[in-house]
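Peer 1: coords please:
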Amino acid sequence: MRPAFWILPVLVGCARCLEPAAQEISKGVDWLNRYGYLPPPDPISAQLQTLEALTDAIKSMQRFAGIRETGVLDEETLGVMRRPRCSLPDIIGTSEIMRRRRKRYALAGSVWKKHILTWRVSTYPRQQGLERNTIDSLLHIAFRVWSRVSPLKFQWVSEGADIVIEFGRSHHGDGYPFDGPGGTLAHAFFPGDHPVSGDTHFDEDETWTYWTQGDQGTDLFAVAVHEFGHVIGLAHSSAGQSIMRPYYEGSLGNANDYQLPQDDVHGVEQLYGRKNQPTEESPKDDPSFDPNIPEVPFPNPSYKPSPDFPDRCSVRFDAVANIRGEAFFFKDHFFWRMQRAGNLVSLNAALINNFWQGLPADLKKIDSVYERLTDNKIVFFIGAQYWVFTNTAVERDYPRRISDFGLSVDSVDAVFVWAHNGKTYFFKGDRFWRYDERRRKMDTGYPKKVSLWEGIPPGLDDIMGWNDGARVLENEGRTN
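Peer 2: Predicted coordinates for the structure are as follows:
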């Protein structure tokens, strides 16, 4: 089940970008892959994109965005790529979808089999300027936008809803983590028979506002109308005024006065047919719910600035690790996560403390991380202490001293598990140790000189074993 996301794509290239031109190409290809204009990378053949294919993809993106079709990654094109947007691909990839895109709107290919749908909010923001009743009312009116032009009806219920709405942060249980302020805004799941079908999640770390101007937050009503379009089965539209355009356009003004553009009306009619005897519904059209929103713009809540994300193109990573078969790259109090196929889970860095809860609140950096083969627990090293996690939860009685491992140093530079023998290796300066996890004891004869490992460069920051048995070394800003 593929969800739809609102995302601000802070485009960054590979970890070894050196020239500005190469950096921009990497950014553009990242973006075009993510949103469907280029096929995803093939992890088996590692096929490169031809210049012709890249040019055609850029022209398709420019045509969809309504800008000049130059076929090059000019500043106007890169500017569009940097805008907040929904991360559901613009081109889903099938010939049927491409055929229907000539109608401007696009359909996701699935619909609800019933016309009366129930909804509820399971969790609210814990720290937010919008009150709960205002949030409820804005969501209610966002649903009403779609029921006014379709046979669908949306009813609030206290439990057992078809559409469950929640505000969460980081990993919140659906496999699509949020990444803190300024990145992914929300995501929604298309209709279907899956337990999460129709569910809609908003990032709790965003500054949610209503009917405000400028960049002092994100309008909840505008995002909700877009996401509920995905909930009923609409994909993205290239029409200039469509609420289903991929890009977040700001506030829609007074929620009670908002009317869907005609392109979106045609799209929902293709899915569910025309509404019989369309009428203007009053704000109290759902007898189970009494909406109440202010008739003037709601005051701005306290603005939470976006974190100053490090640029993974130029940073020197503090630590790298293979955890559950995925690569994690750590810098300061942020991390990036890369899947087995080489795709980033999020283009933005995520906050370490939002994911692994139990590390120091004032965390500055991670020295090293590894996953134990004996029990799949994750071990973090910071200075002379270490923490053990079961998944993302720290175990009791931690942190403890690294002297538990038989180490007589005040910190470690690198740790990794060698799949060849199942042993854990610790590195500090020009020495390394070999640890037996099953015996919970350091092997005799250690430490030894790092120079025994042929080809290891000086200034080692960290090492990890990769899925193909190779070892990835981070040193002096380079990943080898």
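
Peer 1: just checking, Trp31 touches Val80?
Peer 2: No. Counting by CB atoms under 8 Å, Trp31 stays clear of Val80, with 9.5 Å between them. Glycine gets a C-beta too; all of them are placed from N, C-alpha and C.

Peer 1: which of these two has more neighbours?
Peer 2: Using other CB atoms under 10 Å as the criterion, Trp31 and Val80 rank with Trp31 on top: 24 against 18.

Peer 1: SS state for the more buried one?
Peer 2: Put simply, Trp31 is helix when judged by DSSP: H, G, I helix; E, B strand; the rest coil.

Peer 1: What is the burial count for the residue nearest to it when sequence neighbours are not counted?
Peer 2: Setting aside the residues directly before and after it, Trp31 is nearest to Met81 in space (CB to CB, 6 or more residues apart in numbering), at 4.8 Å. Met81: 22 surrounding residues under other CB under 10 Å.

Peer 1: One more: Asp443?
Peer 2: Asp443 has 13 nearby residues by other CB under 10 Å.

Peer 1: Can you name the element that comes right after the helix or strand containing Val121?
Peer 2: Val121 is part of strand 116-123, with elements assigned from DSSP states H and E. Downstream of strand 116-123, the next assigned helix or strand under DSSP H and E is helix 132-147.

Peer 1: For that next one, C-alpha coordinates in CSV please.
Peer 2: Output of helix 132-147 as CSV, limited to C-alpha atoms (Å, rounded to 0.1, in the frame of the first residue of the first chain):
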residue,chain,number,x,y,z
ARG,A,132,-8.5,20.3,19.4
ASN,A,133,-12.0,21.5,18.4
THR,A,134,-10.4,23.8,15.7
ILE,A,135,-8.5,20.8,14.3
ASP,A,136,-11.6,18.6,14.3
SER,A,137,-13.6,21.4,12.6
LEU,A,138,-11.0,22.0,9.9
LEU,A,139,-10.8,18.3,9.1
HIS,A,140,-14.6,18.0,9.0
ILE,A,141,-14.9,20.9,6.5
ALA,A,142,-12.0,19.5,4.4
PHE,A,143,-14.1,16.3,4.1
ARG,A,144,-17.1,18.3,3.3
VAL,A,145,-15.3,19.9,0.3
TRP,A,146,-15.3,16.5,-1.3
SER,A,147,-18.8,15.4,-0.2
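
Peer 1: what does the next helix or strand after that helix contact?
Peer 2: The helix or strand immediately downstream of helix 132-147 is strand 153-156, counting by DSSP H and E. Contacts with strand 153-156, where a contact means CB atoms under 8 Å, 6 or more residues apart in numbering, come from 115-120, 136, 140, 143-144, 146-147, 163, 286, 288-289.

Peer 1: Sort the residues you listed by pLDDT and name the bottom one.
Peer 2: Among the contacts of strand 153-156, Ser288 has the lowest pLDDT, at 50.

Peer 1: from what I can see Asn354 touches Ser170, true?
Peer 2: Yes. Here Asn354 reaches Ser170: they are 3.7 Å apart, a contact under CB under 8 Å.

Peer 1: number of nearby residues for Gly325?
Peer 2: 10.

Peer 1: residue ranges for the strands of the stretch 151-300 of the chain, please.
Peer 2: When secondary structure is read from DSSP state E, counting those that start in this stretch, the stretch 151-300 of the chain shows strands at 153-156, 163-168, 186-189, 200-203, 208-209, 218-219.

Peer 1: and among the ones you listed, the most buried is which?
Peer 2: Highest mean neighbour count among the strands of the stretch 151-300 of the chain (mean count of other CB atoms under 10 Å): strand 200-203, with a mean of 28.

Peer 1: List the neighbouring strands of that one plus their orientation.
Peer 2: Partners of strand 200-203 in the sheet, by DSSP bridges, are strand 163-168 (parallel), strand 186-189 (antiparallel).

Peer 1: Tabulate the ones you listed (TSV), appending distance to Trp433.
Peer 2: Converted to TSV, those look like this (distance: least, CB to CB, whole Å):
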stretch	distance to Trp433
strand 163-168	41
strand 186-189	44
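
Peer 1: which one of these has the lowest average pLDDT?
Peer 2: Minimum mean pLDDT among these: strand 186-189, a mean of 84.

Peer 1: contacting residues for the residue nearest to Pro360 when sequence neighbours are not counted?
Peer 2: Residue nearest to Pro360 in three dimensions, not counting chain neighbours: Ile382, with 7.1 Å by CB to CB, 6+ apart. The contact partners of Ile382, taken as CB under 8 Å, 6+ apart, are 359-360, 363, 365-367, 399.

Peer 1: Name the nearest of these relative to Asn391.
Peer 2: When the contacts of Ile382 are compared for distance to Asn391 (CB to CB), Leu359 wins out at 14.0 Å.

Peer 1: sorry, back to before: check which helices and strands the strand holding Val121 is in contact with.
Peer 2: For strand 116-123, the packing partners by 3 or more CB pairs under 8 Å, 6 or more residues apart in numbering; DSSP states H and E come out as helix 132-147, strand 153-156, strand 163-168.

Peer 1: for the first one, packing partners?
Peer 2: The reference is to helix 132-147. Judged by 3+ CB pairs under 8 Å, 6+ apart, helix 132-147 is in contact with strand 116-123, strand 153-156, helix 220-231.

Peer 1: List the buried residues of that helix.
Peer 2: Neighbour counts over helix 132-147 (16 or more other CB atoms under 10 Å) mark 134-147 as buried.

Peer 1: Serialize those to JSON lines and add fields for distance to Cys313.
Peer 2: Formatted as JSON lines, the buried residues of helix 132-147 follow (distance: CB to CB, whole Å):
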{"residue": "Thr134", "distance to Cys313": "41"}
{"residue": "Ile135", "distance to Cys313": "38"}
{"residue": "Asp136", "distance to Cys313": "43"}
{"residue": "Ser137", "distance to Cys313": "43"}
{"residue": "Leu138", "distance to Cys313": "38"}
{"residue": "Leu139", "distance to Cys313": "39"}
{"residue": "His140", "distance to Cys313": "44"}
{"residue": "Ile141", "distance to Cys313": "42"}
{"residue": "Ala142", "distance to Cys313": "38"}
{"residue": "Phe143", "distance to Cys313": "42"}
{"residue": "Arg144", "distance to Cys313": "45"}
{"residue": "Val145", "distance to Cys313": "41"}
{"residue": "Trp146", "distance to Cys313": "41"}
{"residue": "Ser147", "distance to Cys313": "46"}
